[in-house]
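Undergrad: Quick one: sequence and predicted model below, then my questions.
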Amino acid sequence: MFDNLAVLDQGESVLPGQHLADRLSIPCFKNIDQAKQSDIAFFLCYRNGCLTLLDQQLLKKGGMRVEVDPRQGEQHSWPAPKNNQFALALGKKTVSVVDATTGWAQDSLAMFRMGFQVTCIERSPIMAVLVEDGLKRLAEKDWVKNRQLRLPKLIQANAIETLATLDETPDCIYLDPMFPPKRKKSALAKKNIAVLRDILGDDVDKQQLFAAAWQAAACRVVVKSPDYAEPLGGKPNMVYQGKLLRYDVYLKK
Ligand SMILES: C[S@@+](CC[C@H](N)C(=O)[O-])C[C@H]1O[C@@H](n2cnc3c(N)ncnc32)[C@H](O)[C@@H]1O
């Protein structure tokens with residue numbers, strides 16, 4: 001199914017790597033030398049209790065994983081204060097949000113920490129297994145267990161089709177699709193997002209995704225865009241401007 005991806009099984013997980021490889025229909029390597037000698041660019045590997053994504057540079061050490069702890073500078077309380085541009089864009093009265101472009105789930109998890117009820121949709125099976133692993137780790141956090149918080153629900157599917165079939169209509173649908181970079185090699189793109197682009201490419205069907213979100217949201221659609229990109233749904237009702245990005249807000253009523 002994926003030409004450029006394999007599992008590297010270093011014996012760290014209770015689940016054999018072959019299990020994951022079979023699920024994604026990709027090869028499984030048993031050691032780093034095998035992986036290095038292959039012409040495969042990316043690897044899924046359990047390291048320090050997390051499922052991580054590696055490229056050839058990260059084979060020896062490190063790896064990219066879904067980070068479930070609060071971001072640097074973010075308050076470690078729950079719910080975190082809703083006093084930033086992102087929260088304002090999502091709306092003061094919003095309770096439920098569907099993140100239709102989950103990716104590394106950093107926005108989903110920020111919404112979860114702010115107390116929103118979050119549903120995550122991600123179409124890439126690779127990203128979905130990484131998010132699934134992150135949500136398992138999140139469930140084990142004391143602050144989540146002690147408060148018996150309802151964890152984000154993950155749906156692995158194309159949101160363009162799935163948004164119309166949700167059990168409950170969400171107040172808000174949040175979109176952060178992949179836009180082409182302004183320059184060919186954007187030094188500003190974080191490594192994990194750059195890798196996402198290398199594996200998945202740009203989301204060329206984002207216009208259809210916006211149309212599906214507009215149909216399925218009860219109150220608003222929020223689109224995160226780089227500052228150079230045209231608004232996805234025409235002129236937005238409100239714009240919350242950040243440093244290099246903005247949130248375009250489309251209100252239904
Ligand atoms: C730029 S990333 C999102 C990053 C994310 N906001 C975060 O905090 O990590 C875009 C992600 O949306 C996913 N995606 C794009 N279009 C989608 C669709 N129609 N249905 C589901 N997922 C989609 C891509 O597979 C990719 O993982």
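TA: Cool, got the structure.
Undergrad: can I assume residue 220 is in contact with residue 94?
TA: Yes - if you go by C-beta atoms under 8 Å, residue 220 and residue 94 touch, sitting 7.2 Å apart. C-beta here means a position set from N, CA and C on the backbone, and glycine is covered the same way.
Undergrad: Name the SS class of residue 155, please.
TA: strand (DSSP: H, G, I helix; E, B strand; the rest coil).
Undergrad: residue contacts, the most centrally placed residue in the chain?
TA: Ranked by distance to the mean C-alpha position of the chain (C-alpha atoms, centre = their mean), the top residue is residue 103 at 2.3 Å. Contacts for residue 103 (C-beta atoms under 8 Å, 6 or more residues apart in numbering) come out as 122, 127, 176, 193, 196.
Undergrad: which non-adjacent residue is nearest the last one?
TA: This points to residue 196. residue 103 (6.0 Å; C-beta to C-beta, 6 or more residues apart in numbering).
Undergrad: same check, this time on the third one
TA: The shortest distance from residue 176 to any non-neighbouring residue, by C-beta to C-beta, 6+ apart, is to residue 224 (4.1 Å).
Undergrad: residues of stretch 164-184 that come out buried?
TA: 166, 170, 171, 172, 173, 174, 175, 176, 177, 178, 179, 181 (16 or more other C-beta atoms under 10 Å).
Undergrad: which of these come close to the ligand?
TA: 176, 177, 178 (C-beta under 6 Å from any ligand atom).
Undergrad: ok and the residue in the stretch 1-150 of the chain nearest the ligand?
TA: residue 103 (2.7 Å; C-beta to the nearest ligand atom).
Undergrad: if we can go back for a sec, mind checking the backbone torsions on the residue nearest to the centre of the chain?
TA: phi 50, psi -120 (degrees, to the nearest 10).
Undergrad: Pull the residues that contact the host helix or strand of residue 87.
TA: Here residue 87 sits within helix 85-90, counting by DSSP states H and E. Outside helix 85-90, the residues within contact range by C-beta under 8 Å, 6+ apart are 81-82, 97, 107, 110-111, 114, 116, 172, 174, 220, 222, 238, 240-242, 247, 249.
Undergrad: try stretch 16-29
TA: By C-beta under 8 Å, 6+ apart, stretch 16-29 touches 1-2, 5-9, 30, 35, 38, 40, 43-46, 51, 125-126, 129.
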